[in-house]
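Student: 3D, please:
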Amino acid sequence: MRNVSEAIEAILSNEVAEIPWKTGIMGPQFPKELTGFICCDEIQYHALDKGGSMATATFAVQIICPNPKDDPQNTTAVEDYAMKVRQVLAKERKLDGWASDSYVDSITFATPAGTTSIGIAILKFVVNYEEE
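Tutor: Okay, here's the model as predicted:
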């Protein structure tokens, strides 16, 4: 699973370099600047006839902008970044050979209390890969 997380981080760091990316299992910490987090929420295993297992990992790929109301451009910036990340991940479905398939299942947007600007986007990213 670590190889899958590292592949996601490498792809996003290369293709969406304007966002600093971090990986973790425990979830994101509220950043001081625009930051992307790649967190594995769950792994399910399915036995294969030939031995080993097929794993399905669900990741929360989170883009957090801590002060969206201070910058009027952030109203659409987080949404734009989320759509860019979705497009990048759609192009890289095999994650440099570490996955058999992957896809963005959904995107959730949230706003901090007291503002109408989007402050966070959470992409539910599902990755299928074989594990021995």
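Student: C-alpha only now, for contacts and for neighbours.
Tutor: Noted.
Student: low-confidence ranges, this structure, go.
Tutor: Applying pLDDT under 70 to the chain flags the ranges 25-29, 67-75, 112-118.
Student: make it 50
Tutor: Low-confidence segments of the chain (pLDDT under 50): none present.
Student: which other helices and strands contact the strand or helix carrying residue 85?
Tutor: Using DSSP states H and E, residue 85 sits within helix 74-91. The contact analysis (3 or more Cα pairs under 8 Å, 6 or more residues apart in numbering; DSSP states H and E) places helix 74-91 against helix 2-15, strand 53-64, strand 101-110, strand 120-131.
Student: which residues does stretch 8-16 contact?
Tutor: 19-23, 38, 84-85, 88, 92, 95 (Cα atoms under 8 Å, 6 or more residues apart in numbering).
Student: just the C-alphas of stretch 89-98, formatted as PDB.
Tutor: Output in PDB follows, covering the C-alpha atoms of stretch 89-98 (Å, rounded to 0.1, in the frame of the first residue of the first chain):
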ATOM      1  CA  LEU A  89      -5.600  11.000 -11.800                       C
ATOM      2  CA  ALA A  90      -8.000   9.900 -14.700                       C
ATOM      3  CA  LYS A  91      -4.900  10.000 -17.100                       C
ATOM      4  CA  GLU A  92      -2.800   8.000 -14.600                       C
ATOM      5  CA  ARG A  93      -5.300   5.200 -13.800                       C
ATOM      6  CA  LYS A  94      -2.500   2.500 -13.400                       C
ATOM      7  CA  LEU A  95      -0.400   4.800 -11.100                       C
ATOM      8  CA  ASP A  96       2.900   4.100 -12.800                       C
ATOM      9  CA  GLY A  97       2.200   0.300 -12.700                       C
ATOM     10  CA  TRP A  98       1.300   0.100  -9.000                       C
END
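Student: residues touching it, excluding its own?
Tutor: Under Cα under 8 Å, 6+ apart, the answer for stretch 89-98 is 3-4, 7-8, 11, 99-104, 129.
Student: distance between that stretch and the chain's centre?
Tutor: Relative to its chain's centre, stretch 89-98 lies at 13 Å (Cα atoms, centre = their mean, to the nearest Å).
Student: can you tell me how far the residue most central in space within the chain is from residue 55?
Tutor: Per Cα atoms, centre = their mean, the C-alpha nearest to the average position across the chain is that of residue 61, at 2.0 Å. Using Cα to Cα, to the nearest Å, residue 61 is found at 18 Å from residue 55.
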